[in-house]
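>>> Below: sequence and its predicted model.
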Amino acid sequence: MATLAALLAGGALVLWVGDRTIGTVPRRSVWPAVVVLVVAGYLVAETVAAYRDTRPE
């Protein structure tokens, strides 16, 4: 949960700073992909954790 909060806060900070570029790529074209990757990574991590909790030892 702390990781998700840190990533969301970092993303909000990046969006708040303004319209800048990462190298030659405008940040506005990159952030949707970053959000999708973060959400997908979070869902995979939670799914794996839930699966491990249901397995008998």
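Structure received. Numbering: from 1, shown residues only.
>>> and stretch 38-51, what's its mean pLDDT?
For stretch 38-51, mean pLDDT rounds to 85.
>>> Apart from its neighbours in sequence, what residue is nearest the most centrally placed residue in the chain?
Nearest to the mean C-alpha position of the chain, by C-alpha atoms, centre = their mean, lies V38 at 2.3 Å. Leaving aside its chain neighbours, V38 sits nearest to L7 (5.3 Å; criterion: C-beta to C-beta, 6 or more residues apart in numbering). C-beta: built from backbone N, CA, C; applies to glycine.
>>> burial measure for that neighbour, as a count.
16 (other C-beta atoms under 10 Å).
>>> swap in E46?
Using other C-beta under 10 Å, E46 has 12 neighbouring residues.
>>> L4: what's it in contact with?
Y42 (C-beta atoms under 8 Å, 6 or more residues apart in numbering).
>>> do that again at 10 Å, thanks
38-39, 41-42, 45-46 (C-beta atoms under 10 Å, 6 or more residues apart in numbering).
>>> can you check L37 too?
With contact set as C-beta under 10 Å, 6+ apart, L37 has no partners.
>>> Would you mind finding the longest helix in this protein?
For the chain, the helix with the greatest residue count under DSSP state H is helix 27-54.
>>> Same question for that helix: list its buried residues.
By neighbour count on 16 or more other C-beta atoms under 10 Å, the buried set for helix 27-54 is V38.
>>> Use 203 as the first number from now on
In the new numbering, first residue 203, that becomes helix 229-256.
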